[in-house]
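> what shape does this take:
(2 chains)
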Amino acid sequence: MGRYVARRLLQMIPVFLGTVTIIFFMTRMLPGDPAAAMWGDKAADPAQLAAFKHQMGLDVSKWQQYLNYMGDLFTGDFGTTMTGRKVTDLIGESFPVTIRLALLAFAFELIVGVAIGLFAGLRRGKAFDKSTLVLTLLLISIPVPVLGFIFQNVFAIQLGWITPTVQSSTNLGQLILPAIVLGSISLAYVARLTRTSIAENLKADYMRTAVAKGLPKRKVIGTHLLRNSMIPVVTFLGTDLGALMGGAIVTEGIFNVQGVGNALYHAIGRSEGATVSGFVVVLVLVYLFASLLVDLLYAVLDPRIRYA
Amino acid sequence: MPDLITKNAPAGDGETPAERVVVPEPQAEKPRSLGLDAWHDLRKRPVFIISAVLIVLLVLFAIAPGLFTSVDPRAGDLSKHYLSKPNYLHFFQGDWFGYDGQGRSIYARMIYGARASVVVGICVTAGVTIVGGLLGMVAGYYGGWVDTIVSRFTDMVFGIPLLLGALVILNAFSVRTIWSVVFALVVLGWTQMTRVMRGSVITVKQSDYVTAAKALGAGTGRIMFKHILPNAIAPVIVVATIALGGYIAAEATLSFLGIGLQDPTISWGIDINSAQKVIRQAPFVLFFPAGMLSVTVLAFIMLGDAVRDALDPKLR
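Down below sits the predicted model:
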């Protein structure tokens, strides 16, 4: 187990370096001069501009910038924004907000999705199952911006149950609506995956054995059926955690959540290479560790899977 | 009958299999191939028929919008602005669905918007299938260091969130057309296909008929494209059909964020963006482009579902 984790961590290093390299050059290839943009529409004084570029480390070649960036990255220095703020400060400010939002969405899709999928799978072909299939399909096909505006309009503006936008990002009550919007599409996938998996495993031999030896129904479903059916769901949820954090751009925009998505959207618009790549570095790390966690969870769910 | 599989597959170029494949009467002594079998199964599924009809309609919208409306979708008449009269009163007057904030016909824009969505969906799917399929094929077939390089590179690109990466790429274009959106989505989207194709090729390559073809002296190209590809493509087709709906949604989301398509291109995403500003005064302005977008994505996802059920014998 320990050796497996160590090997996986070592394998992560080249992937991590590669992704950071790709994202570095993607963001630095953005057209327009972000340094000159600091002067707005006015033409910048050449001497000032040169001094500013030197201060920001933008006066050397792209390759030199790349080496400097990677060097700084390993000392924990993510660079500064064009306005001189540390990117790490910005990360520290917006990530907690998005993590709260993503975890709420994650809990929502996990609990509700698995519950719906379980009931639908146990009653395959019945009315509940059929309506689940139709409703999840509908949910998947409604794009996030549309869903966001519908929810905002219905629950916040018409019914007044909740504030239309998030005023304080530490107020979990205000974050519930955006979290539901953020998690809804994944919820549909979780429900469908669970349903298929449950319905398939119902026919397994160990289920017949468990019922035959007289285990109570609750135990048959809880410890045997559900546990064995969770592997495809866990795989999906693992990749989804990263997607929830990086993909919240639309939801955060609609509900005015001051998180990663919002910060990134504005940074991309201003061609702030250092900010964008700094955020993506953290997102990639989240993604890599989530996929490692998924593989380790396999062994917990299915004791036949062992990592030597 | 490998050619049937490929014919069956791409809802890609916008026609349903129903229009293209002439299915011969099955002969009792001849066992059906996977593709033919799947096609027989598909024809009976109501989900497939509904989605096929919807997709044919959408493709017609995309090819010949003039057949459905004679109104210019870009012609704005501010006297017909949605606020110039009380809401809903002119809902069915003169034009079908009323007018948007610039007095443009919502119905005409709904019809003309299909082109961007359909073209982006089909081209991105074709692009990722070709790029990802070829890379996956090469990695799976050769194995060894080729596989290591391709797989690690795939991992690197896979780590970049699709929407985020597309925003960064598209921000680099000062004028964005349908093709820049297609480019951005293909550059980031091929990884899934590579993984699916690689896994599928690795399984197929160990089959006896591949060994037999090798023993008979078939060249690498022949083995790859005549023996392995037809047998390994089914999972790729399934993933591609389902992903198509997702790419359409991605285009709309990017256009909604203002970093996808731009005026004068007509896209439901752009219309959703302009409609959201007036959602409280005139919700119907949002309803129609959003509804069309949802129905389009739904049609392609339903098609993908039906194709998967037909191609995957395990689920039957």
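> tell me which residues of whichever strand or helix holds A:Phe16 come out buried.
Using DSSP states H and E, A:Phe16 sits within helix A:2-28. For helix A:2-28, the neighbour count (16 or more other Cβ atoms under 10 Å in any protein chain shown) marks A:8, A:12, A:15-16, A:18-20, A:22-24, A:26-28 as buried. In short, each C-beta sits where N, CA and C put it, glycine included.
> let me see the mean pLDDT of it.
What helix A:2-28 shows for mean pLDDT is 84.
> so it, near chain B or not?
Yes: residues of helix A:2-28 are located near chain B by Cβ under 8 Å from any Cβ of the partner chain, namely A:14-16, A:18-19, A:22-23, A:26-27.
> from the residues you listed, pick the one nearest B:Pro289.
A:Met26 (30.5 Å; Cβ to Cβ).
> burial of the residue nearest to that closest one when sequence neighbours are not counted, as a residue count?
Once flanking residues are discounted, A:Met26 sits nearest to B:Val168: 5.2 Å by Cβ to Cβ, 6 or more residues apart in numbering or on different chains. The tally of other residues near B:Val168 (other Cβ atoms under 10 Å in any protein chain shown) stands at 25.
> quick one: contacts for the residue of the stretch 51-200 of chain A found nearest chain B?
Proximity of the stretch 51-200 of chain A to chain B (Cβ to the nearest Cβ) peaks at A:Ser141, 3.6 Å away. Residues near A:Ser141 by Cβ atoms under 8 Å, 6 or more residues apart in numbering or on different chains: B:245, B:249, B:294-295, B:297-298, B:301.
> likewise B:Arg195?
B:Arg195 makes contact with B:136, B:154, B:158 under the criterion Cβ under 8 Å, 6+ apart.
> same check on A:Val281?
A:20, A:23, A:73, A:78.
> ok so, going back, closest to A:Leu226 out of the contacts of B:Arg195?
Closest to A:Leu226 out of the contacts of B:Arg195 is B:Phe158 (29.3 Å), distances taken as Cβ to Cβ.
> do the helix or strand hosting B:Leu54 and chain A meet?
With elements taken from DSSP H and E, the one containing B:Leu54 is helix B:46-63. No: judged by Cβ under 8 Å from any Cβ, helix B:46-63 stays clear of chain A, getting no closer than 9.1 Å.
> kindly report the residues of the stretch 51-200 of chain A close to chain B.
Residues of the stretch 51-200 of chain A lying near chain B (Cβ under 8 Å from any Cβ): A:137-138, A:140-146, A:149, A:153, A:157, A:196.
> one more time with 6 Å
A:140-143, A:145-146, A:149, A:153 (Cβ under 6 Å from any Cβ of the partner chain).
> need the residues of chain B near chain A, please.
For chain B, the residues in contact with chain A (Cβ under 6 Å from any Cβ) are B:155-156, B:159, B:161, B:163-164, B:167-168, B:171-172, B:249, B:252-253, B:256, B:272, B:276, B:279, B:290, B:293-294, B:297-298, B:301.
> re the thing from before, just the ones of the contacts of B:Arg195 in helices?
Secondary structure from DSSP state H places B:136, B:154, B:158 of these in helices.
> out of these, who's nearest B:Thr265?
B:Thr265 has its nearest neighbour among those in B:Phe158, at 29.6 Å by Cβ to Cβ.
> contacting residues for the closest one?
By Cβ atoms under 6 Å, 6 or more residues apart in numbering or on different chains, the contact set of B:Phe158 is B:Thr191.
> the bottom helix or strand of the chain by mean pLDDT?
With no chain named, the answer covers chain A. The helix or strand of chain A with the poorest confidence is helix A:46-56; it has a mean of 78 (mean pLDDT, DSSP states H and E).
> nice, that's everything, thank you.
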